[in-house]
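Chemist: here is a sequence with its predicted model. Questions after.
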Amino acid sequence: MIKRASSSRPKVSICIPVYNGLPYIRSTLQSVLDQSFDDYEILIRDDRSDDGTFQWLQERYGQDPRFRLKQNSRNLNVGGQYNVLFSEARGDYILKLDSDDLLLPGMLAKLVSTADRTGADFVGSAYEWLDMATGARRQPGVQTRLPPGPLSDPVTTVLTDNPYSLCFSIWRRSLLPAIRKDGQFVLFTETCDWECQLRIALTGASFFTVKEVLGLYRLHATNRSAVINAQLASIIGDVVPYWWEMLRQKMDHKQLRRWLLEGLKGYLKAVARHPLAFSPSILAGYARLLIGSPLSPGWTLSETWLAELTSRRDTDLSE
């Protein structure tokens with residue numbers, strides 16, 4: 001069993017954004033506390049929940065030195081939550097964990113030992129989707145094709161395949177200055193998990209894949225990813241335009257264009273099956289990217305989260 005180090009700085013900062021997280025957050029936190037590796041801090045930012053989440057956290061973990069609990073003075077949404085939590089992290093590694101997912105036994109020990117041994121900047125494990133309605137588990141197909149060990153082309157792989165989840169990956173906190181752009185570590189957009197991975201890859205960071213299934217992504221009615229078109233609109237309208245010039249520098253232009261055309265083809269097939277999925281803005285986004293003239297997504301930039309770092313109106317039970 002790997003025990004907590006005696007130093008004041010933890011090895012891993014587990015960053016958990018939450019909004020109306022009951023009842024899932026109970027078992028999510030238990031899956032962390034059940035890990036054999038215990039050299040971590042748990043940072044939780046509550047985004048003004050109205051279901052009693054923060055009150056439960058205060059009662060259950062308010063006096064636990066492993067936890068740093070805060071409630072925002074205003075609603076920041078997901079992107080703002082990520083930015084604040086990453087700014088407050090103290091560990092050598094960062095793990096961003098959603099409040100409804102589960103770490104399987106040994107995940108932290110496996111990822112930390114792999115990162116320490118290989119020197120990789122980003123270590124991601126395999127995971128499975130867990131359908132909460134049926135109990136069925138299945139692994140995303142793209143992961144079965146991903147080879148174990150070092151990733152040869154992180155930018156292309158993350159962009160075209162999205163094989164990892166930040167919830168089941170760790171990455172070095174020392175990357176924060178390199179990934180910061182326009183004052184942010186992630187964009188204010190629906191796919192900020194994937195966008196964060198992409199910006200890490202664009203810095204030239206090294207990626208390493210652990211093929212063992214070490215996490216469960218729970219599927220349920222309140223998943224943000226279940227909202228129709230939200231993720232595709234974020235990718236085509238926000239993330240790819242924002243990183244367009246760097247993607248053109250880092251990727252083969254033909255490969256980038258082929259990925260866009262394949263995505264457009266898949267979207268049009270989906271619309272043919274489900275007409276309500278039609279979105280003029282998504283089609284326009286694809287068109288602008290294919291002609292090389294994307295719109296700058298200025299709406300994905302916000303400095304509202306910065307006030308939370310110094311606000312005295314938030315609640316910090318570690319102080």
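Modeler: Ah, there it is.

Chemist: burial measure for residue 80, as a count.
Modeler: Neighbours of residue 80 under the rule other C-beta atoms under 10 Å: 26. From N, CA and C alone the C-beta is placed, and that goes for glycine too.

Chemist: and what of residue 218?
Modeler: 16.

Chemist: where does it sit: helix, strand or coil?
Modeler: Under the three-state scheme (DSSP: H, G, I helix; E, B strand; the rest coil), the conformation of residue 218 reads as strand.

Chemist: so what's it up against?
Modeler: Shown in contact with residue 218 (C-beta atoms under 8 Å, 6 or more residues apart in numbering): 24, 100-102, 130, 132.

Chemist: same list (those residues) but as a markdown table, adding pLDDT.
Modeler: Rendered in a markdown table, the data for those read as follows (pLDDT from 0 to 100):
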| residue | pLDDT |
| --- | --- |
| 24 | 96 |
| 100 | 96 |
| 101 | 97 |
| 102 | 98 |
| 130 | 97 |
| 132 | 93 |
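
Chemist: take the residues you listed and keep only those in helices.
Modeler: Using DSSP state H, the members of the contacts of residue 218 that fall in helices are residue 24.

Chemist: please pick the buried ones from the contacts of residue 218.
Modeler: Using 16 or more other C-beta atoms under 10 Å as the burial test, these include 24, 100-102, 130 as buried.

Chemist: can you redo those as JSON lines with distance to residue 275?
Modeler: Rendered in JSON lines, the data for these read as follows (distance: C-beta to C-beta, whole Å):
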{"residue": "24", "distance to residue 275": "33"}
{"residue": "100", "distance to residue 275": "31"}
{"residue": "101", "distance to residue 275": "33"}
{"residue": "102", "distance to residue 275": "36"}
{"residue": "130", "distance to residue 275": "31"}
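
Chemist: what's the farthest-apart pair in the residues you listed?
Modeler: Pairwise distances across those peak at 11.1 Å for 24 and 130 (criterion: C-beta to C-beta).

Chemist: now the residue lying farthest from the centre of the chain: which helix or strand?
Modeler: In terms of distance from the mean C-alpha position of the chain, residue 272 ranks first, at 30.9 Å (C-alpha atoms, centre = their mean). Residue 272 is part of helix 253-273, with elements assigned from DSSP states H and E.

Chemist: name the helices or strands packed onto that helix?
Modeler: Judged by 3 or more C-beta pairs under 8 Å, 6 or more residues apart in numbering; DSSP states H and E, helix 253-273 is in contact with helix 154-161, helix 280-290.

Chemist: pLDDT weak spots in the stretch 201-319 of the chain?
Modeler: By pLDDT under 70, the weakly predicted segments of the stretch 201-319 of the chain are 224-228, 310-319.

Chemist: how close does residue 265 sit to residue 283?
Modeler: Relative to residue 283, residue 265 is positioned 12 Å away (C-beta to C-beta, to the nearest Å).

Chemist: before we move on, what about residue 113?
Modeler: Residue 113 sits 47 Å away from residue 283, taking C-beta to C-beta as the criterion.

Chemist: follow-up on the earlier one: in strands only, show me the contacts of residue 218.
Modeler: Judged by DSSP state E, strands contain the following of the contacts of residue 218: 102, 130.

Chemist: just name the closest of the contacts of residue 218 to residue 245, please.
Modeler: Comparing these against residue 245 with C-beta to C-beta places residue 101 closest, at 33.5 Å.

Chemist: how near is the closest one to residue 199?
Modeler: Separation of residue 101 from residue 199 (C-beta to C-beta): 22 Å.

Chemist: and the strands in the stretch 101-250 of the chain, which stretches?
Modeler: With DSSP state E, counting those that start in this stretch applied, the stretch 101-250 of the chain shows strands at 102-103, 122-131, 137-138, 149-150, 169-172, 207-219, listed in chain order.

Chemist: give the buried residues for the longest one.
Modeler: Neighbour-count burial for strand 207-219 flags 207-210, 213-219 (criterion: 16+ other C-beta under 10 Å).

Chemist: returning to that earlier point: could you dump the strands of the stretch 101-250 of the chain into a markdown table with distance to residue 179 added?
Modeler: Written out in a markdown table, the entries for these read as follows (distance: least, C-beta to C-beta, whole Å):
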| stretch | distance to residue 179 |
| --- | --- |
| strand 102-103 | 24 |
| strand 122-131 | 11 |
| strand 137-138 | 31 |
| strand 149-150 | 20 |
| strand 169-172 | 9 |
| strand 207-219 | 14 |
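
Chemist: closest to residue 190 out of the ones you listed?
Modeler: Each of the strands of the stretch 101-250 of the chain has some distance to residue 190 by C-beta to C-beta; the shortest is strand 207-219, at 16.1 Å.

Chemist: which parts of stretch 86-102 are buried?
Modeler: Those would be 86, 88-89, 91-102, for stretch 86-102 by 16+ other C-beta under 10 Å.

Chemist: which non-adjacent residue is nearest the spatially most central residue of the chain?
Modeler: Closest residue to the average C-alpha location of the chain: residue 193 at 2.9 Å, with C-alpha atoms, centre = their mean. For residue 193, ignoring the flanking residues on the chain, the nearest one in space by C-beta to C-beta, 6 or more residues apart in numbering is residue 166 at 4.9 Å.
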